[in-house]
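**Q** this is a predicted model, with the sequence first.
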Amino acid sequence: MLALLLFSPVISLVFEAIAPAGELFDHLWNTVLTTYIVNSVLLILGVGVLGAILAIPAAWVMANTNIPGKSQLQWLMVLPLAMPSYVIAYIYTDLLEFAGPVQRLLRALTGWESAADYSFPEVRSLGGAIIILALVLYPYLYLLTRTAFLEQSKSQMLASRLLGYSQLESFARVTLPMARPAIITGLALMGMEALGDFATVSYFSVPTLTTAVYDTWLGYGSLNAAAKISAMMLLVVMLLISGEKYSRRKQQLYQKNTGQEQRELVELSGWPKWLALGWCWLLVTLGFLLPSLVLIDYIITYFDTSWNTELFEYGLNSLLVSGSAAAVACFIALFLGVYQRLKNSTFSKIPARLVSTGYAMPGNVLAIGVLIPLTLSDHFINELLISWNQAPVGLIFSGSVITLVFAYVVRFSAVAVGSVESSLGRVSPSLDMASRTLGCNPQEMVRRIHIPLIRKGLLAGLLLVFIESMKELPATLLLRPFNFETLATWVFQYVSDEQLEYAAPAALVLVLVGLIPLIMLNRSLERQEQK
Amino acid sequence: MKTLLSIASAIAISCSSLIAQAAEEVNVYSYRQPFLIEPMLKEFEDQTGVKVNVVFAKKGLEERIEREGKFSPADVVLTSDMISLFDLVDRKLVQPVNSKSINQNIPEHLRDPDNQWYSLTMRVRNIYSSKRTEKPVDINYEDLASRQFKGKICTRSGKHPYNIGLVASMIAHKGEAETKKWLEGVKANLARRPQGNDRAQVKAIKEGVCDVSLGNSYYFGKMMQDDAQKAWADAVYINFPNQSTEGSHVNISGMVMAKYAPNKDNALKLMEYLSSEKAQSIYARDNMEYPVNPKVPVSDTVAAWGKFKADPLPISDISANRTKAQRLLDEVKFDL
C-alpha cells in the first residue's frame, strides 16, 4: 500500500506515456535525440568513474588509517554534498572563464592578450559538467563505502591475512567485494542523480535526455512524449539495478560485529601519509572550501544589496520540509527493508524497487507526476463534500506543504532505501533466528536487533535525504504553496538570471543549514565507534 | 508514525488556513521573478488593502493550473514572454476580462481582441555590436546569416523563449524554408555553442570572444546600473535591427485572468492596476522595459537609445508559429 502510494506519481506518468506521441517522437529521433542519449551515457559513465576514483580511496583511508586530523576530515569530506550543484557550477564558471581570476592571472603571468593567444579548456562543456557533478556527488559513494568499511569485521581481514594474502590482495579480494553492495548503491545513486540533473547540464549547455524531456514537454507542449522519454530513462535505470542484483545473486555476505573488538588502524607514514592527506584535503577544498570562500567574497562585495532578514524564515521553511521528508523517507526505508527481510520472497523485493524509481526521474517531470494523484484526490474530496451539500475545502493536498514533503519522499526515498538495504543486508540472518528463538516478536526484533545494528546506515540515509531535499529545486518551485520561499527557491531566482552574487547570503545559509545535521551525524557515528 | 502524521496534518491545516483565511486577497502565479514585480505588488497592497499571494516558478505553471482544475486558487497569471502567454490561452486556462480602464491603458495591438490576454511591457530583441570593430550599424536579423559574421556571433540557447519568438516572427514573415536556411547560416557563424543568458553574450563581446550578439533591450539598462557589469555594457552598441525594413522584433510580458479565479474582483483590480500609469512607470523605471501604456514615458536611460520602429506583425501571428520554430531549431541542431 505504502509503496503504491509512493509509486503513484511514477505510475501516473507511465499512463501518460502510453498514448501514442505521433510523429513528434520520430522528429526528435531524426534530429537531436541521439546526441542527447550519447551525452547522457557519457555523463553517467564519466561521473561514475571519476566519483569512484575520488571516493573509494578516501573512504578506505578514513575507515582504516589514522591520518592526522582524521576526526575533522571524516566529516569535512561529506561537506560538498551540502553544495547545490547549480551554485557550484556557477562559481566554477565564474572562476575559470575568460574574464575570471584564473585566466586573468594566467594572462598577467604570460603576457597573452586575447582568447586567440592560448587555449584553455572550456568550462561549459561535457567534461566540465562531469567534474562538477562528480565533485558534489562523490560523498554518496564515500559515505556508503566508508560505512561499509567500518561495519566490516576485522576477523575476515585477519583470516585473509592468515591465509597468506598481502594487505593489498586482502583489500582487493575481501574488503572491496564485501563493500560491493554499498559501492554499487553509491554508484547507482550518483548515476541516477546525474541522469536526472537539469540545473548543471543546462547551465553548461550540455543537452542530455533531461533536456529532451524539458523540450518535448515545454517546447512542444507534449507531456506525453516527455513522459515517454522519462519512462525510457527509468527502464534503463531499472535494468542496471536488477543487472547488478542478478550478478551477485549467489553471493551472501554477512558479518558478525560483536562491538567488542577494537578496530585496528593502519599506521600511515612517509609519502603514503602525505598522499592520503593531500587527496582528502584536495576533495574538501575543491568541493567545499573554495566555493564557500567565493560565496563569502560575494557576500562581502554585495552585502548592501543582498542582505535580507527574511533569510531566517526561508531557512526555517527549508528545515521544516526537508526534515519531515527525511524522517518519513527513513521510516519508509526501514519498513520496506524489514518487510523484505521477513518475507524474503521474490515478491517482497518489489515494493522497495518501486519506491526507488522516483529518483531517476527529472525533477520537473516528477513534479507533474506528483500533481496528478494529489489533485485527483483533492478533486475527489471536494466533489464528495459538494455531493453532501458541504462547502468545498479547496486543494488541501496539492496546495500545501504536504505536496512538497510527498514530492521529496517520492524523489529521494531511493537514497534512504539504498542505505538501509545495504546495511541490513550485512546483518546475518542467524541473528534473526537467534532472537526469534529467544522469544522476540518481529517488532521487538527490529527494535532491539536491527535498528541498533544498522544505526549508521539509517542515519546516513536520513542525512542524505535531508540534504537532497534542502537543495531540491524543480519540484519545490512548481509545487510550493503561496508566499512559501525556501532557501533554494530564493537562490534560484537569482541564479536563473545569472546573478548569484545577489543571493550569496542565502546560498551560504543553505550550505550552513546542511552542515548542522552533518555534524550531528558525525557525533553519533563517533560515539558509536568509541563504544 | 502517528506523531509524524499528526505533525504533517497540523502543518497542512495551518498552511491551508493561511491561504484561505485572509479577507481580501488575490493569488498570483508568476513566471516573472519576485524581485522584478515586488515593487508594484507592494504598492498595490498599500493602495487597496488587498493582500497579494505569489507563487513564482520558471516552468510548468500551465500544467499545475490545468491539474488543479476548477479548484485552482490562481487568480492572475503573469508571464515573461508571449510563448507561455499563448500556451495558457490555447489550453483554455483563462477567462475574458471586461474592463474599460484596461482597454484604455493598453493599445489595441497589444491585447487580445477577445480580451483573453494583455501585454504589460515590451522588450526589443536587439543586436549588440562591439565598439572595437563596428559602428552602430543599420543591421538586419537577416544579416546574421551572411558570411561577414563568420565566427563572430554569440547567443543564448536557440530554444529560449526569446529566441523562439524571434524565429517564429521570421517564419511569419518569410516562411519555414527561408527561415531554416537563415538558421543554418546563423549557426555556421556562431563563435561558440549557444550558452549563458543575454547578459553573458555582451560580456563575451567585451572579452573578444565574438563581435555581435542577440539580446533583449532591458539587459543593457540593467548592466549599466550594475558596477561590475557596466564595463560590459560600455563595450557594445545597442542596435535596433531591421529599421529600413519591417522593424525590430518585439516580445512582451503579459497577464491573464485564470479561468476559475476565486477572487475575480480583486484579480480585476490587480490587472487594472498593473496597466495603470502608476505601475507602468515602475516597470519603466526599475526594469528598463518599454511600458505598454502610451501615457507612460520610457526611463531616461532607455530614451537615450533613441526611437525605433517596431515590427507591426500581430503578436498572435508570431505565437502561432512557436512550435514550428522549435522544430526548425531542432532540425538545424542549433544548440548542439
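**A** Received the coordinates, thanks.
**Q** anything in stretch A:178-197 near chain B?
**A** No. Against chain B, stretch A:178-197 shows no contacts by Cβ under 8 Å from any Cβ of the partner chain, the least distance being 15.4 Å. Where C-beta positions appear, they are placed from N, C-alpha and C, glycine not excepted.
**Q** pLDDT on that stretch, on average?
**A** Mean per-residue pLDDT for stretch A:178-197: 84.
**Q** now stretch A:504-514
**A** Stretch A:504-514 comes out at a mean pLDDT of 86.
**Q** chain center to that stretch, what's the gap?
**A** 18 Å (Cα atoms, centre = their mean, to the nearest Å).
**Q** again, but for stretch B:176-186
**A** 24 Å.
**Q** for B:V28, phi and psi?
**A** phi -110, psi 130 (degrees, to the nearest 10).
**Q** return the residues in contact with it.
**A** B:L41, B:V52, B:N53, B:V54, B:V55, B:A74, B:D75, B:V76, B:V77, B:L78, B:L270 (Cβ atoms under 8 Å, 6 or more residues apart in numbering or on different chains).
**Q** contact residues of the stretch 51-200 of chain A facing chain B?
**A** A:F98, A:A99, A:S114, A:A115, A:A116, A:E122, A:R124.
**Q** how close does the last one sit to A:Y339?
**A** Same thing as A:R124. Counting by Cβ to Cβ, to the nearest Å, the gap from A:R124 to A:Y339 is 46 Å.
**Q** who has more neighbours, these two?
**A** Neighbours per residue, other Cβ atoms under 10 Å in any protein chain shown: of A:R124 and A:Y339, the larger number sits with A:R124, 21 against 17.
**Q** that one: what secondary structure?
**A** coil (DSSP: H, G, I helix; E, B strand; the rest coil).
**Q** show me the contacts for the spatially closest residue to it that is not a sequence neighbour.
**A** Distance criterion Cβ to Cβ, 6 or more residues apart in numbering or on different chains; nearest residue to A:R124, sequence neighbours excluded, is A:F204 at 4.5 Å. Contacts for A:F204 (Cβ under 8 Å, 6+ apart) come out as A:A89, A:T93, A:V123, A:R124, A:S125, A:L126, A:G128, A:A129, A:I132, B:Q195.
**Q** ok, back up a step: nearest to B:A191, of the residues of the stretch 51-200 of chain A next to chain B?
**A** Among these, A:A115 lies closest to B:A191 (Cβ to Cβ), at 9.6 Å.
**Q** thinking again about what came up before, between the residues of the stretch 51-200 of chain A next to chain B, which has the most around it?
**A** With neighbours taken as other Cβ under 10 Å, the top of those is A:R124, carrying 21 neighbours.
**Q** and stretch A:237-256, average pLDDT?
**A** 65.
**Q** next: stretch A:38-46.
**A** 92.
**Q** list the buried residues in it.
**A** A:N39, A:S40, A:L42, A:L43, A:I44, A:G46 (16 or more other Cβ atoms under 10 Å in any protein chain shown).
**Q** where does the chain dip in pLDDT?
**A** The chain I'm using is chain A. Residue ranges of chain A with pLDDT under 70: A:1-3, A:20-22, A:115, A:153-154, A:240-241, A:243-264, A:306, A:344-346, A:521-531.
**Q** other chain: chain B
**A** Across chain B, the ranges flagged by pLDDT under 70 are B:1-22, B:134-136.
**Q** just the strands in the chain please.
**A** Defaulting to chain A. When secondary structure is read from DSSP state E, chain A shows no strands.
**Q** please refer instead to chain B.
**A** B:25-30, B:51-56, B:76-79, B:94-95, B:118-130, B:153-154, B:212-216, B:236-239, B:250-258, B:290-291.
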